[in-house]
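J.: sharing a sequence plus its predicted fold:
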Amino acid sequence: MKIGYARVSTDEQSESAQLDALRAAGCERIYKEKCSGKSKQRPELERMIDALRADDVVIVQRLDRLGRSLKDLIELLDAFKSEHVQFISLNENINTTTAVGELAFHMIGSIAQFERRLISERTKAGLEAARARGRKGGRKQKLTPSDIKKAQAMLLDPDMTKAEVAKHFNVSRPTLNKALGNS
């Protein structure tokens with residue numbers, strides 16, 4: 001069965017061009033919704049996925065109608081493949097029912113994976129370079145080493161509670177406990 005999916009981001013947009021293209025492609029059932037592609041809440045997409053069976057073909061007018069990001073799109077298409085569901089994107093000429101279409105999809109996925117690895121490597125290199133220059137990452141400590149010594153001295157008084165010491169230094173008890181544990 002050929003199943004179409006159409007999505008527009010706002011109420012002002014019309015999905016009629018998508019619906020016409022999906023009908024022309026022979027879709028027997030079309031799921032449509034109006035919500036941002038960034039939204040994780042896409043009930044019609046979920047309904048479509050739940051209704052898919054082996055040998056069905058999901059058709060969209062454009063790739064960006066289906067996935068929020070390339071990573072999201074690849075995850076969806078991998079899920080389709082594992083369920084033996086094919087995929088066609090009309091504008092991009094991606095058709096996993098053919099060998100060339102499947103190759104095109106895998107090339108896109110490989111490029112996306114390559115890009116994610118490059119970003120990860122650049123981030124790690126940047127962090128290492130910053131550490132080499134003596135920069136420490138993370139949030140600035142709320143209690144200085146001097147404050148920690150004062151807090152320890154205050155807690156030697158049996159009448160002083162941790163809550164009172166934390167209030168004195170204007171920090172929470174968990175923050176005080178963490179600082180005392182690190183000292």
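T.: Cool, the structure landed. These numbers come from a predicted model, not from an experiment.
J.: which residue sits closest to residue 17, ignoring its sequence neighbours?
T.: In space, and not counting its chain neighbours, residue 17 is closest to residue 61: 7.2 Å by C-beta to C-beta, 6 or more residues apart in numbering. C-beta here means a position set from N, CA and C on the backbone, and glycine is covered the same way.
J.: phi first, then psi, for that neighbour.
T.: Main-chain torsions, residue 61, degrees, to the nearest 10: phi -70, psi -40.
J.: cool, and residue 3?
T.: With angles defined as degrees, to the nearest 10, residue 3 sits at phi -120, psi 130.
J.: what of residue 172?
T.: Torsion angles, degrees, to the nearest 10, at residue 172: phi -80, psi 160.
J.: that one touches residue 165, doesn't it?
T.: No. Contact criterion C-beta atoms under 8 Å: residue 172 and residue 165 do not qualify, at 11.4 Å.
J.: these two: which is more packed in?
T.: When neighbours are counted by other C-beta atoms under 10 Å, residue 172 and residue 165 differ, and residue 165 comes out ahead with 21 against 13.
J.: so which helix or strand takes in that one?
T.: Taking DSSP states H and E as the definition, residue 165 sits inside helix 162-168.
J.: tell me the helices and strands packed up against that helix.
T.: helix 145-155, helix 173-182 (3 or more C-beta pairs under 8 Å, 6 or more residues apart in numbering; DSSP states H and E).
J.: gap between stretch 95-105 and the chain center?
T.: Its chain's C-alpha centre and that of stretch 95-105 lie 25 Å apart, by C-alpha atoms, centre = their mean, to the nearest Å.
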